[in-house]
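*Asks:* Next input, structure requested:
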Amino acid sequence: MRSLDFMISTRIHGDMAAVVNEVPSILIATDLRIAELLNAMKLPHLSLDDDVIENSSVSLNDLMTSAVKDFKEFEEN
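*Replies:* Residues are numbered from 1 along each chain as shown. Down below sits the predicted model:
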């Protein structure tokens with residue numbers, strides 16, 4: 001995991017492995033349970049109903065721009 005530059009995941013355990021290994025990541029929340037965990041931990045994420053996910057030609061920049069993220073809150077948390 002530590003050798004990755006970036007990770008996009010739909011699984012909370014995969015995203016947590018990235019966080020532990022200091023790999024930047026975005027998790028795509030597939031249900032409310034995961035969304036609640038992401039909000040509580042202040043992790044960058046997207047929801048499945050986000051317009052950027054529905055687009056078939058998404059760039060990493062599009063994902064990063066659309067992701068819910070507040071790194072100051074994450075660090076404080």
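
*Asks:* what's the weakest-modelled helix or strand in this structure?
*Replies:* Using mean pLDDT, DSSP states H and E, helix 51-54 stands out as the lowest-scoring helix or strand of the chain, at a mean of 64.

*Asks:* Show the subsequent helix or strand relative to it.
*Replies:* Using DSSP states H and E, the next helix or strand after helix 51-54 towards the C-terminus is helix 60-66.

*Asks:* And the contacts of stretch 30-41?
*Replies:* Residues from elsewhere that reach stretch 30-41, judged by Cβ atoms under 8 Å, 6 or more residues apart in numbering: 10, 12, 27, 29, 45, 47, 48, 68, 74, 77. (C-beta placed from N, C-alpha, C; glycine too.)

*Asks:* ok, longest strand in this structure?
*Replies:* As assigned by DSSP state E, the longest strand anywhere in the chain is strand 25-29.

*Asks:* quick one: strands adjacent to that strand?
*Replies:* Paired with strand 25-29 in the same sheet, following DSSP bridges, are strand 7-9 (parallel), strand 45-47 (parallel).

*Asks:* Return the mean pLDDT over it, rounded to an integer.
*Replies:* In this model, strand 25-29 has an average pLDDT of 88.

*Asks:* same check, this time on stretch 68-77
*Replies:* Mean predicted lDDT for stretch 68-77 stands at 81.

*Asks:* what does it rub up against?
*Replies:* Counting by Cβ under 8 Å, 6+ apart, residues outside stretch 68-77 touching it are 38, 41, 42, 43, 44, 45, 46.

*Asks:* In helices, which of those fall?
*Replies:* 38, 41 (DSSP state H).
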